[in-house]
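Novice: I'll drop the sequence and a predicted model, then ask my questions.
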Amino acid sequence: MKSSIILFFILYGVIISNIPDKFKCMQTIEKNGMKISWSIKADQVHFEVFAPTQGWVAIGFNEKDKLVGNNLIMGNVVNGVCTISDQFIKGFEDHQAVETLGGQNHLSLISGQEGKKGTSIRFAIQSKAKDVFHYDLIKGKEFTLLIAYAQEDNFDHHSTMRTSIKIIL
C-alpha cells in the first residue's frame, strides 16, 4: 500500500512536469459561443480568443463597465493569414489603431486560424501599459472584458455579437 502511494506521487510528478507551459495555469471563460483563455507570463499576458464565425473576433479591456475607453484587440484570418490590430475605442463607432492616436502597439506572438467551426486568434500583450490607450494587466486585477465577433473580416463591419463580462486576471 505504501509503495503504491509513493509510486502514484512519482508518476503524478513526472506527468505534471512534462505538460508544456502553455497548458499550465490557463484561465478560461465562455460566453455566447466565444471562448477566451489567458495566462500571465513574466511581462506579458497570453490570450487565445475563439468565436463561431469566419469573420473578425475581438476582446477589449476596460477598468470601467463602458464601451468607450476599451483597449480593443481585433483579429481576423484571411486566406490563412492572421491580422491583429491593437485599437482604442474613443467613442461610439469610433475605434482606431493606437499607433494612429500616438500610442504604441503592445502586441506580439500573433497567430490565428480559421475553420468550419470558427476563428481563433492568439497573441501576447504587454502587461505594463506604456501609454494612455492601455491598462496595466496585473494578476488579481478586475476588468470588464468586451467580447465581440462579426460575420465579416473587415474591422469596420459592425459586430454580430457583442457583450461584456467581468474577469479577474
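Specialist: Thanks, I have the structure now. Residues are numbered from 1 along each chain as shown.
Novice: all contacts plus neighbour counts: C-alpha atoms, from now on.
Specialist: Noted.
Novice: Just give me the neighbour total for the nearest residue to residue 85 once chain neighbours are set aside.
Specialist: Of all residues not flanking residue 85 in the chain, residue 74 sits nearest, at 5.3 Å (CA to CA, 6 or more residues apart in numbering). The local packing of residue 74 (other CA atoms under 10 Å) involves 22 other residues.
Novice: Would you confirm that residue 74 contacts residue 61?
Specialist: No. Counting by CA atoms under 8 Å, residue 74 does not reach residue 61; the two are 11.8 Å apart.
Novice: Let me see the contact set for residue 54.
Specialist: The contact partners of residue 54, by CA atoms under 8 Å, 6 or more residues apart in numbering, come to 77, 114-116, 118-119, 151-153.
Novice: State which strand of this protein is the longest.
Specialist: Secondary structure of the chain per DSSP state E: the longest strand is strand 81-91.
Novice: what residue ranges in the protein score low on pLDDT?
Specialist: Residues of the chain meeting the criterion pLDDT under 70: 1-24.
Novice: In this protein, which residue is most central in space?
Specialist: Nearest residue to the geometric centre of the chain (CA atoms, centre = their mean): residue 47, 3.7 Å.
Novice: So what sits opposite that residue in the bridge?
Specialist: Per DSSP bridges, the residues bridged to residue 47 are residue 38, residue 123.
Novice: Let me know the distance separating it from residue 92.
Specialist: Going from residue 47 to residue 92 by CA to CA, to the nearest Å gives 25 Å.
Novice: picking that back up, separation between the residue nearest to residue 85 and residue 44?
Specialist: 18 Å.
Novice: what about residue 154, how many residues close to it?
Specialist: Residue 154 has 13 nearby residues by other CA under 10 Å.
Novice: Ignore what I typed, I meant residue 125.
Specialist: 22.
Novice: same thing with residue 46?
Specialist: 21.
Novice: for the chain, what spans make up the strands?
Specialist: 27-31, 34-41, 44-51, 57-62, 71-78, 81-91, 94-97, 107-115, 118-126, 142-149, 161-168.
Novice: Ok, which of the ones you listed comes nearest residue 136?
Specialist: Ranking those by their distance to residue 136 (criterion: CA to CA) puts strand 118-126 first, at 8.4 Å.
Novice: Which strands or helices does the longest strand of the chain pack on?
Specialist: Strand 81-91 is packed against strand 71-78, strand 94-97, strand 107-115, with contacts defined by 3 or more CA pairs under 8 Å, 6 or more residues apart in numbering; DSSP states H and E.
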